[in-house]
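K.L.:
A predicted structure for the sequence below; I have some questions about it.
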Amino acid sequence: MPGATALERLPLDSAQNPLRVQRGDPEMAQSLPELPFVLTVQQVQKILRVSKTTAYELVNSGTLESVKIGRTFRVTRSAFAKFLGLPDEPAATLTA
């Protein structure tokens, strides 16, 4: 899909994934670097195809590691990869 966002390119249609993203899914591993560095709970909900309540339960229980910024939660791409059982990303090198 040219011009589609990383979230839209994920393998989430019912033909490929009738329930939700499977842990260790190689297609998800390929799409992971295209995701934003930090995800909202709503984005996590959309990717996993779960309810808003379930997404927040994952975050609040600590099952899905998150960071609270003000009144909102954010999930890093590496924490999301860890939750899905995918290999962790290589550490990014910061340059000034």
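P.N.:
Looks like it came in fine. Because the structure is a prediction, the values reported are computed rather than measured.

K.L.:
For residue 35, see how far away residue 58 is.
P.N.:
Between residue 58 and residue 35 the computed distance is 17 Å (C-beta to C-beta, to the nearest Å). Every C-beta, even on glycine, is put in place using the N, C-alpha and C of the backbone.

K.L.:
what residue ranges in the chain are flagged as low confidence?
P.N.:
Counting by pLDDT under 70, the ranges of the chain that qualify are 1-30, 88-96.

K.L.:
ok, which stretches of it are helices?
P.N.:
Per DSSP state H, the chain carries helices over the ranges 6-9, 26-31, 41-48, 52-61, 77-84.

K.L.:
State the number of residues packed around residue 68.
P.N.:
Residues within reach of residue 68, counting by other C-beta atoms under 10 Å, total 9.

K.L.:
residues in contact with it?
P.N.:
residue 74 (C-beta atoms under 8 Å, 6 or more residues apart in numbering).

K.L.:
And for the one 4 residues further on?
P.N.:
For residue 72, the residues meeting the contact criterion (C-beta under 8 Å, 6+ apart) are 40, 41.

K.L.:
hey, what's it bridged with?
P.N.:
residue 69 (DSSP bridges).

K.L.:
how far away is it from residue 39?
P.N.:
Taken as C-beta to C-beta, the spacing of residue 72 relative to residue 39 amounts to 11 Å.

K.L.:
Can you check which residues contact both of the two?
P.N.:
Common neighbours of residue 72 and residue 39 (C-beta under 8 Å, 6+ apart) do not exist.

K.L.:
if we can go back for a sec, nearest to residue 67 among the helices of the chain would be which one?
P.N.:
Relative to residue 67, the nearest member of these by C-beta to C-beta is helix 77-84, separated by 8.5 Å.
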